[in-house]
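# Take a look and give me a structure for this.
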Amino acid sequence: MKRNQCHVGITLLFLIAAGAQGASAQSAQVIRGDAAGTIGWLAADTHSHSAGPYERNNWFDSFFSSVSTGWHWTDNLKTEVDFGVGTESREFHTQPVTIAGRSTYQTIESRFKRRTIGFSQQYQFLHNVWFHPHVAAGLNVTWERRRDDPSVIYLYDPGTGTSRYEPPKPGTEQKSWTANPFVAIGYKAYMSDRVFFRNDFRLAFRGGIDETTLRIGLGFDF
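Numbering: from 1, shown residues only. Model prediction:
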């Protein structure tokens, strides 16, 4: 999903360039702020690393919805705050364990859910046109809940030809807050003097790319 969203982000750059070429004049108006609701897709790093033979990409995906409001200091400069919620996602990984002197692997089911509050400074290009591309940079405050549930461990004893199992330990739950910088690109395409379609792509960082978010939605100026 991470790779697919990066491809979408590149495509978005071409859309911004193409739209800027064909932008037509919009009636002059004073915009103090705007508000929007969006839906999209979130892909985030679990920061867990499988030690087993079937190690997989440690990213989870979830449906994402958000609301935002922004204040225009000038026609081009805007401060924005957004609040987003992702659906719960699952990821499986393995860890080595030793039972009665025998080494094996245990599967862990991890469930993740994220909520975010984003603060950003945005620069919007062009003036009094229907298509407004923008770039942004800011801080993403993330609340994450993670629950790990170990599976039953099955062991086969070749000496006796019998199988046995070890019941799993109780699951654990962790809740954490992090604050990560992000950058974004996007655009507003007006359907009337006040109502617009919005699309953007965001990258947040924590020791590398921690989160990618693709959003689309509708909004209005006030």
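# give the contact list for the spatially most central residue of the chain.
Compute the mean C-alpha point of the chain, and by C-alpha atoms, centre = their mean the closest residue is Leu42, 3.2 Å away. With contacts defined as C-beta atoms under 8 Å, 6 or more residues apart in numbering, Leu42 is in contact with 61-64, 84, 86, 114, 211-213. No exception for glycine: its C-beta is placed from N, CA and C like everyone else's.
# For burial, what's the neighbour tally of the spatially closest residue to it that is not a sequence neighbour?
Nearest residue to Leu42, sequence neighbours excluded (C-beta to C-beta, 6 or more residues apart in numbering): Phe64, at 4.0 Å. The local packing of Phe64 (other C-beta atoms under 10 Å) involves 21 other residues.
# ok, now His93?
Here the number of neighbours of His93 (other C-beta under 10 Å) works out to 21.
# from what I can see it touches His47, true?
No. Contact between His93 and His47 fails when scored by C-beta atoms under 8 Å: they sit 11.2 Å apart.
# got any residues that touch both of these two?
Asn58.
# residue ranges with poor pLDDT in the chain?
1-30, 48-57 (pLDDT under 70).
# Strands of that one, start to end?
33-45, 59-72, 77-86, 89-99, 102-124, 131-150, 153-157, 162-166, 172-190, 195-205, 209-221 (DSSP state E).
# burial of Tyr187, as a residue count?
Using other C-beta under 10 Å, Tyr187 has 21 neighbouring residues.
# now do Lys188
Around Lys188 there are 19 residues (other C-beta under 10 Å).
# Surely it and Phe197 touch.
Yes. Lys188 is in contact with Phe197 according to C-beta under 8 Å; the separation is 7.3 Å.
# gap between Ile209 and Ala43?
9 Å (C-beta to C-beta, to the nearest Å).
# again, but for Ala136
19 Å.
# check contacts around Gly33.
Gly33 neighbours (C-beta under 8 Å, 6+ apart): 69-72, 221-222.
# mind running it again at 10 Å?
69-72, 78-80, 220-222 (C-beta atoms under 10 Å, 6 or more residues apart in numbering).
# So what pairs up with it in the strands?
The bridge-partner assignment for Gly33, based on DSSP bridges, gives Trp71.
# before we move on, the earlier item: which among the contacts of Gly33 end up buried?
Buried residues within those, counting neighbours by 16 or more other C-beta atoms under 10 Å: 70, 72, 78-80, 221.
# tally of neighbours for Val97?
14.
# again but with Glu91, I slipped
Here the number of neighbours of Glu91 (other C-beta under 10 Å) works out to 20.
# That one against Lys113, yeah?
No. Glu91 lies out of contact with Lys113 (C-beta atoms under 10 Å); the separation is 12.0 Å.
# can you list residues touching both of the two?
60, 146.
# How about the contacts made by Ser103?
96-97.
# Please tell me how far it sits from Glu166.
Taking C-beta to C-beta, one finds Ser103 at 13 Å from Glu166.
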